[in-house]
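Chemist: Fold the following, please.
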Amino acid sequence: MLIKSIYAFYYSAKYNSFSKAAEILDTSQPNISAQIKKVETDLNIKLFERKQGRVVLSKHGQQLYKNAEKIVEEYREFLSHSQKLTEKKPITIVTQPRLYDKYVEPVIVPSLFDNSSIHIRTGELFAVKSWVESEEADILITEGIFDENRNYQKIKELDMLYFSWAKSSKFNFSEPVPTITHSRVWDHWHNLTSALTNNNKFERVMTIDTPNFSKKLIEKGLGIGLLPEAMIEESDTLEYCKGPTKSHIEGPINVYIRKGLNSDKAKIINSIIDDFIVAN
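Modeler: Predicted structure coming up:
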């Protein structure tokens, strides 16, 4: 029995009408009647009774209706799933706002006005990490914190960020107390955890991911913390100070791509990476 015949039977039974089934299936009422008649002939049973201008299921038709309903639902799920497999998903670039301004916007954005195949998402580190962990990112542009992520590979180092210890210019400390530090995922390149662990004068009080938030807390005199040098230089309320690690902390800005991409997506991503290499 063809799937179209099952559809004809199902909708005719659901609405007690051959004409309604024809409307839903975008065909003619005689065509629906012919399909129902063929099924009845093939199975040698009667599926419908005609009563007062309507069609109602016969005893045999009632027994088959639930099976037809299940087949229609499963076929609908099959079509939906197959469409998802074949549809072209957009390429997603994720980065942090300050890196978007410096690296992404000048290179990528001008070519995006008529291109719906590329999406850009920006957020602070906690958001970027969540997108990476859920594999929502195809291209990742951020500090070198994902080198060990088995689902992503590093393609290029774009730049180096230099972090220094900063404090509020309005407050002086007898000892440099780092009440504000970056989260542990950054520790593999600035080695802050070991510096604090091995020196009993320092204590980790707070972990944060956003330099902007760190800057506000440092300005209020709540302690010292690591900030990008540009952020210290551009502020009238911050100044450099001594910290538990060396004065310059290098944070690499890297480009990562997700492993296991299909060939079409990989070609586009390689083109985007080439643009970055040329531009930076």
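
Chemist: At the geometric centre of the protein, which residue do we find?
Modeler: The centre of the chain sits closest to Glu136, judged by Cα atoms, centre = their mean, with a distance of 2.8 Å.

Chemist: Can you spell out which residues form a bridge with the residue nearest to it when sequence neighbours are not counted?
Modeler: Of all residues not flanking Glu136 in the chain, Thr92 sits nearest, at 6.0 Å (Cβ to Cβ, 6 or more residues apart in numbering). Just so you know, the C-beta spots here come from the backbone N, C-alpha and C atoms, and that holds for glycine as well. Beta-bridge partners recorded for Thr92 (DSSP bridges): His119.

Chemist: Surely Thr92 is in contact with Asp138?
Modeler: Yes: checked against Cβ atoms under 8 Å, the pair Thr92 and Asp138 is within contact range at 5.1 Å.

Chemist: Between those two, tell me which one has more neighbours.
Modeler: Using other Cβ atoms under 10 Å as the criterion, Thr92 and Asp138 rank with Asp138 on top: 23 against 17.

Chemist: Can you list phi and psi of the more buried one for me?
Modeler: The phi and psi values for Asp138, taken as degrees, to the nearest 10, are phi -90, psi -40.

Chemist: Next, find the distance separating Asp159 from Thr142.
Modeler: Asp159 sits 11 Å away from Thr142, going by Cβ to Cβ, to the nearest Å.

Chemist: more neighbours, the two?
Modeler: Thr142 (22 against 12).

Chemist: what residues are up against that one?
Modeler: Taking Cβ atoms under 8 Å, 6 or more residues apart in numbering, we find Thr142 in contact with Val94, Thr95, Gln96, Leu99, Leu125, Val128, Ile253, Asn254, Tyr256.

Chemist: just the strands in this protein please.
Modeler: Using DSSP state E, the strands of the chain run over residues 48-51, 54-57, 91-95, 118-122, 139-143, 152-168, 181-182, 207-208, 225-228, 238-240, 249-258.

Chemist: State the mean pLDDT of the fourth one.
Modeler: Rounded to a whole number, the mean pLDDT of strand 118-122 is 86.

Chemist: Quick check: buried residues in that strand?
Modeler: Ile118, Ile120, Thr122 (16 or more other Cβ atoms under 10 Å).

Chemist: Find the residue closest to the first one in space, skipping its chain neighbours.
Modeler: Counting by Cβ to Cβ, 6+ apart, Ile118 lies nearest to Ile91, which is 5.0 Å off, once chain neighbours are set aside.

Chemist: any idea how far the one you found lies from Ala13?
Modeler: Separation of Ile91 from Ala13 (Cβ to Cβ) stands at 46 Å.

Chemist: In the sheet, which residues pair with Ile249? Tell me.
Modeler: Note on Ile249: beta-bridge partners Phe163, judged by DSSP bridges.

Chemist: And Phe48, by the same measure?
Modeler: Leu57.

Chemist: before we move on, the earlier item: tell me the most buried of the strands of the chain?
Modeler: strand 181-182 (a mean of 26; mean count of other Cβ atoms under 10 Å).

Chemist: Check the offset of the lengthiest helix in the chain from the chain's centre.
Modeler: When the chain is parsed with DSSP state H, its longest helix is helix 59-86. Centroid displacement of helix 59-86 relative to its chain, using Cα atoms, centre = their mean, to the nearest Å, is 31 Å.

Chemist: and what of stretch 48-65?
Modeler: Its chain's C-alpha centre lies 50 Å from the corresponding centre of stretch 48-65 when counted by Cα atoms, centre = their mean.

Chemist: Ends of that stretch, what's the gap?
Modeler: Terminal residues of stretch 48-65 are spaced 11 Å apart (Cα to Cα, to the nearest Å).

Chemist: now swap in stretch 166-174 and tell me
Modeler: One end of stretch 166-174 to the other measures 15 Å (Cα to Cα).

Chemist: what's the model's confidence in that stretch, averaged?
Modeler: On average, the pLDDT along stretch 166-174 is 89.

Chemist: How about residues contacting that stretch?
Modeler: Counting by Cβ under 8 Å, 6+ apart, 176, 215, 218-221, 223-227, 231-232, 236-241 sit against stretch 166-174.
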